[in-house]
Structure formats: C-alpha cells, structure tokens
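In: Prediction below, plus the sequence it came from.
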Amino acid sequence: MSMDANFKNYMQQLYADFSAHDAAQNHRLARYRNIEPESALFLAMQIRLKQAKQILEIGTSTGYSTLWLADAALSTQGRVETIEIDAARIEQAKQHAENLSLAKYIEFHHGDALHFLQQLNQRYDFILLDAERDAYIAYWPYLAELIQAQSGVLIVDNVLSHANEVAEFIQRVEADDRFICTTLNVGAGLFMVTWRN
C-alpha cells in the first residue's frame, strides 16, 4: 500500500473515531472538534500550491488537522509548529504523528496560545487558527505580525458554523487595510487573510 493510500485510510478512520467520540460528549470542551476532511484537504492543497515551509497551527486538539498540515509539509520540505493547551490531546496527536512517520515534521508546543504568540519572532508562510473563538481578537495583533510579508496566509476555521462568535474578529480584520480577506464555503467555513501589498 502506498504512503498516500495509507495516509488516506488512516485519516478516514481517525476522523470516524474522533466524530464518534464527539457525538458521545455532552460538554463542548470535552469534544475534540476537529476540522472537516474537506477543509483539511483544502489546507493541505494550499500549502502545496504556495510551497509553504514555515507552517503554524493554533489549536492542535488531537492532531487531525496537524497531520494533514504535516503531510503537506513533507512535500514542501517544510515544518509545522502547533500549540495546544491540553497536554493529553498533544500526547494523542504525537502518537498519531508517530504512526504515520510524520513526527519529525511537527514541533508540538504545550501552553496558552496568546502567551505563545507573544513570544514568537519569526514569520510564517501559512497559519491555521482553529482554537477558542473568544480569544481571536486578542490574538489578531500578533497574528498580523506573524503572516509572512507579501505571500503569507492566515486561514481561520468555523467562520460559517459559528458566525456570531467570530463576527467581531472578522470585522476587525476587514477593517485593517493592510490585508485582504474572504470567506470560503468549505467545511464549516474558512476565512482567508493575506497581505494587500
């Protein structure tokens, strides 16, 4: 079986397992809330199209999206940095990365995303934001500085499924005339941001 087929089969089973887990949970924070497969595929294609090498993910959860990003990074000779506040979920994500031989393409960070963003001093070709939505406005000043000049992109998940929760964040970004942005009807809705000039 080829690596591609192995990856696809593994990810299909993983999404099914994660979805079954979420369906059994009554509390939102107990759910893994992974990105939809069609969104994950779109992100992986964007990384390949852009030949992105420096990739940042805010909100690892159990690593479903992280694995898609890392599989794309494998083809661009890139690297994924990902931050998650729940240590148990990081351990799950690490195990899946090991199972798919992708661990060497991922640097896992444990901690608070805002504090993490404040410490970063490099730019990223590709950033995925999929975390607690009430923190996005606080993240924005730091995210804006982390998007690689000219060619970098920020993609935010769940902007259609949770439109009310991200409305103020989207207004803030749209009002920043350094950037152009659009909402894509992919999965739960993806908000895409890049530099205007």
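Out: It's in.

In: after the host helix or strand of L49 comes which helix or strand?
Out: Using DSSP states H and E, L49 falls within helix 37-50. Under the assignment DSSP H and E, the closest C-terminal helix or strand after helix 37-50 is strand 54-58.

In: who does that following strand touch, helix- and strand-wise?
Out: helix 64-76, strand 79-84, helix 113-119, strand 126-129 (3 or more C-beta pairs under 8 Å, 6 or more residues apart in numbering; DSSP states H and E). Yep, even glycine has a C-beta here, placed from its N, CA and C like the rest.

In: ranking these by burial, who's on top?
Out: strand 126-129 (a mean of 26; mean count of other C-beta atoms under 10 Å).

In: Ranking helices and strands of the protein by mean pLDDT, which lands last?
Out: Ranking every helix and strand in the chain by mean pLDDT, DSSP states H and E puts helix 3-23 at the bottom, with a mean of 81.

In: what inclination does that helix have with respect to helix 37-50?
Out: On the basis of axes from the mean of the first three to the mean of the last three C-alpha atoms, to 10 degrees, helix 3-23 is oriented at 140 degrees to helix 37-50.

In: for helix 3-23, the distance to its chain's centre please.
Out: For helix 3-23, the gap between its own C-alpha mean and the chain's C-alpha mean amounts to 17 Å (C-alpha atoms, centre = their mean, to the nearest Å).

In: Could you figure out how far that helix is turned away from helix 64-76?
Out: Using the same axes, to 10 degrees, helix 3-23 lies at 160 degrees relative to helix 64-76.

In: Check which residues of helix 3-23 are buried.
Out: F7, M11, L14, Y15, F18 (16 or more other C-beta atoms under 10 Å).

In: doesn't A149 make contact with W195?
Out: Yes - using C-beta atoms under 8 Å, W195 is in contact with A149, at 6.3 Å.

In: higher neighbour count, the two?
Out: Comparing W195 with A149 by other C-beta atoms under 10 Å, the one with more neighbours is W195, at 15 against 8.

In: excluding its backbone neighbours, what's nearest the more buried one?
Out: Q150 (5.7 Å; C-beta to C-beta, 6 or more residues apart in numbering).
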